[in-house]
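J.: turn this into a structure:
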Amino acid sequence: MTQRNFHKYFMIYFITFGIVISSFGSIANYMFQISDIHKSTDAKAVEIFDIKAGTILKPSLKNMDNVVKALATNETVATFFPAKDANKLQELERVFLTLASAQNKIVQARLLDKDGKELVRIDREKEDDKPFVVAKEELQDKSDREYFKIVSKMKTPAIWRSKMDLNIENGVVEVPCKPTMRVATPLFANGDFIGMVVVNIMIKDLFASIGNSSAFEHFIIDADGNYVMHPDNNFSFNKYKNVPRNLVEDFPEGLSAQGVYAYKIGNILNNGDDAVFILKTKEKYEESLINEKIKTATIVLALTIVLSFIVATQISKTPVKIQKALLKAHDKLDEFRVIIDKYVISATTKTDSVILDVSSAFEKSSGYSKTELIGKKMNVVRHPNEDKFLFKELWKTILKGETWSGEIQNKTKDGEVYWLEQKIIPTFNENNKIESFVSLGIEITAKKKLEKMASIDALTGIYNRRMVDEFIKIEVEAHKRHSYGLSVIMIDIDHFKIVNDVYGHQVGDSVLAKTAKLMTDSCRKSDISGRYGGEEFIIVCPQTTSESAFVLAEKIRKVIEAFEFEQVGQKTVSLGVATFDDESNENVASLIKKADTALYQAKNGGRNKTVIFKA
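T.: Numbers count the residues shown, from 1 in each chain. As a prediction, this is how the structure comes out:
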């Protein structure tokens, strides 16, 4: 056999051998990955349910509860009973109307007396319509309704939720259908039931948020097996629409079949209905997974065949050289498979924050293309309002070679805000020195929007009292560790009651909102401002002495004094300043009390002035 023939047959033999081995390897690898699809789908279902239940459903229900609590604890509601004064009734209507205007998901908001008769009722026809007060002659007796019978027998002012159903008026389902949940709480005076607040909240958008994903069809069934939510909206609330639909039609093998995942949500809804949230794997999703595995196996097989040809050509000449090349090619193939398998929001940067690479998920979330990002620093997506102290702690952590975890506010190419829950991991070279950073994240923008809804005062757009109290606790603890100074300013609008009495509550609300705007515009970025109740506001001033806080307070006082309010004209404010005392056993309550005492002194001293608390 000539050397040329030997070379030819050797190449044929080696290529054939490579194809056979690669084929068997690819088939075995494909079979293994196919068996792993079910495990992957199981994990995906758990992940989807956790997201839908934990970051959407639970916060939405909590927000519904807060709406009812806000009405039930309103001072006007408490003072209305038992006299039921006509003037107070008009004030109540304004309170209910204001809240309904701020919450466009509210379909109805009602106040019922102890006999089930409507005293106040606010209606909204469509989500985008303005709410309106229902005329007295159109108010109804709801004593025969199930929710009244249940809530009127409650012994404590707890929250009651109805089953998810369609809105019914005068015994007829409203058309077009309005998926609704009723949330109510009883009212008591001296331990006696005197009435109740009930709010009908539209849950169409809630269903839209929890009702779809790329991998699964989403269902909710009640304890009797009726559909509350169905991918085909014609079958949603089929009990109320009198549209027959048997579970067997959607789940012929039952709810325990492969690809079907059922989760009880009765403990989340807490409405007496043992509802079940069901995820059913979409056929197209499973097909896409299989096709992806086939595509990967095909690519690996094709690459191996090509490499076999190249290797066969070389191995017939230089066996040792080809052996090294084969090992290197094998490593590259493994690396290639790892890279294409990743699908997360990730980026790799140099130690000076210059971007080396980003994932396609990063491109999608930021709005930038990879070519626009590579070579730029990570601050290209940094939001200007993000806390500088957070980035200081971040860099301090990762430069020590440790992993940093937290939430970061970013901005897209179009200037939109988006949030990531992020981990930043240092990578090291052979000399154990940091050579780059890898960031991995998931988007939590929807979660942050829900958190903001629960922390902002609807009228003024600034933080509510609950959120301010949380900030004060944080700043007090930070001050105790670092002793960098902490002051609080309490602000009260002088003679505000006259505004409401003379011009009405709508003008009063306008004065409150404008005062909050003037106040926050005068504050520094580090200051935290909020509405503390009624016409009273508060500003938390970290790293601020009493003298600096006094300067800020005077600035605010003069700005408000100089402003001309619509209809009302000029208004003034009184301000009390208090500073955390390191020498005494100071706490949050005592700090607030000192500021309130100083405010009281300013009021008694003639108003329109600032007073610093002195022991």
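J.: can we go C-alpha only for contacts and neighbour counts from here?
T.: Noted.
J.: three-state assignment of residue 539?
T.: strand (DSSP: H, G, I helix; E, B strand; the rest coil).
J.: name the SS class of residue 529, please.
T.: Using three-state DSSP, the three-state assignment for residue 529 comes out as strand.
J.: how much space between the residue nearest to it when sequence neighbours are not counted and residue 491?
T.: Of all residues not flanking residue 529 in the chain, residue 539 sits nearest, at 4.3 Å (Cα to Cα, 6 or more residues apart in numbering). Note on residue 539: its distance to residue 491, by Cα to Cα, to the nearest Å, is 8 Å.
J.: if we can go back for a sec, what residues are bridge-paired with the residue nearest to residue 529?
T.: residue 489, residue 529 (DSSP bridges).
J.: residue contacts, residue 344?
T.: Contacts for residue 344 (Cα atoms under 8 Å, 6 or more residues apart in numbering) come out as 359, 361-362, 440-442.
J.: and it, how far is that from residue 362?
T.: Distance, residue 344 to residue 362, by Cα to Cα: 8 Å.
J.: one more: residue 351?
T.: Distance, residue 351 to residue 362, by Cα to Cα: 19 Å.
J.: which of these two has more residues huddled nearby?
T.: Neighbours were tallied for residue 351 and for residue 362 using other Cα atoms under 10 Å; the higher tally belongs to residue 362 (23 against 15).
J.: what's across from the closest residue to that one other than its chain neighbours in the sheet?
T.: Once flanking residues are discounted, residue 362 sits nearest to residue 345: 4.6 Å by Cα to Cα, 6+ apart. Under DSSP bridges, the beta-bridge partners of residue 345 are residue 441.
J.: residue 345 touches residue 366, doesn't it?
T.: No: the criterion here is Cα atoms under 8 Å, and residue 345 misses it with residue 366 at 9.7 Å.
J.: just the strands from the stretch 501-615 of the chain, written as ranges.
T.: 528-533, 536-542, 573-579, 610-612 (DSSP state E, counting those that start in this stretch).
J.: just name the most buried of those.
T.: Stretch with highest mean neighbour count among the strands of the stretch 501-615 of the chain: strand 573-579 (a mean of 28; mean count of other Cα atoms under 10 Å).
J.: quick one, that one and strand 536-542 angle?
T.: Computed with axes from the mean of the first three to the mean of the last three Cα atoms, to 10 degrees, the direction of strand 573-579 lies at 30 degrees from that of strand 536-542.
J.: partners of strand 573-579 in the sheet?
T.: In the sheet, strand 573-579 lines up with strand 486-493 (antiparallel), strand 610-612 (parallel) (DSSP bridges).
J.: please identify the most buried of the ones you listed.
T.: strand 486-493 (a mean of 26).
J.: what sits up against that strand?
T.: By Cα under 8 Å, 6+ apart, strand 486-493 touches 475-476, 479, 535-546, 549, 553, 571-580, 591-592, 595-596, 599.
J.: likewise stretch 394-403?
T.: Residues from elsewhere that reach stretch 394-403 (Cα under 8 Å, 6+ apart): 404, 423-426, 434.
J.: nearest to residue 524 among those?
T.: When those are ranked by distance to residue 524 (Cα to Cα), residue 404 comes first, at 28.6 Å.
J.: rewinding a little: dump the contacts of residue 344 to TSV, plus pLDDT and distance to residue 259.
T.: Output for these, formatted as TSV (pLDDT from 0 to 100; distance: Cα to Cα, whole Å):
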residue	pLDDT	distance to residue 259
359	88	29
361	88	26
362	90	30
440	88	29
441	87	28
442	86	25
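J.: nearest to residue 219 among the residues you listed?
T.: The nearest member of those to residue 219, counting by Cα to Cα, is residue 442 at 25.2 Å.
J.: any idea how far that closest one lies from residue 214?
T.: 17 Å.
J.: these two: who's more crowded?
T.: Neighbours were counted for residue 442 and for residue 214 using other Cα under 10 Å; residue 442 has more, 17 against 9.
J.: quick one, what contacts that one?
T.: Going by Cα under 8 Å, 6+ apart, residue 442 touches 344-345, 420-422.
J.: nearest to residue 176 among those residues?
T.: residue 420 (37.9 Å).
J.: so that closest one sits against residue 443, correct?
T.: Yes: the criterion here is Cα under 8 Å, and residue 420 meets it with residue 443 at 4.5 Å.
J.: show me where the stretch 51-200 of the chain has its helices.
T.: Using DSSP state H, counting those that start in this stretch, the helices of the stretch 51-200 of the chain run over residues 58-72, 75-80, 86-102, 146-151.
J.: please list the residues outside the second one that contact it.
T.: The contact list for helix 75-80, computed with Cα under 8 Å, 6+ apart, reads 71, 88-89, 91-92, 95.
J.: any chance of JSON lines for these, columns pLDDT, neighbour count and distance to residue 529?
T.: Putting those into JSON lines (pLDDT from 0 to 100; neighbours: other Cα atoms under 10 Å; distance: Cα to Cα, whole Å) gives the following:
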{"residue": "71", "pLDDT": "92", "neighbour count": "23", "distance to residue 529": "24"}
{"residue": "88", "pLDDT": "85", "neighbour count": "16", "distance to residue 529": "31"}
{"residue": "89", "pLDDT": "88", "neighbour count": "17", "distance to residue 529": "32"}
{"residue": "91", "pLDDT": "90", "neighbour count": "17", "distance to residue 529": "28"}
{"residue": "92", "pLDDT": "90", "neighbour count": "23", "distance to residue 529": "28"}
{"residue": "95", "pLDDT": "92", "neighbour count": "17", "distance to residue 529": "24"}
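J.: export these to CSV and tack on distance to residue 559?
T.: Formatted as CSV, these follow (distance: Cα to Cα, whole Å):
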residue, distance to residue 559
71, 33
88, 34
89, 36
91, 31
92, 33
95, 29
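J.: number of nearby residues for residue 43?
T.: For residue 43, the number of neighbouring residues by other Cα under 10 Å comes to 11.
J.: which two among the contacts of stretch 394-403 are spaced furthest apart?
T.: Across those (Cα to Cα), the longest gap, 16.2 Å, separates 423 and 434.
J.: now the end-to-end length of stretch 562-574.
T.: Across its full length, stretch 562-574 reaches 14 Å end to end, with Cα to Cα as the criterion.
J.: now do the buried residues in that stretch.
T.: For stretch 562-574, burial by neighbour count (16 or more other Cα atoms under 10 Å) applies to 565, 571-574.
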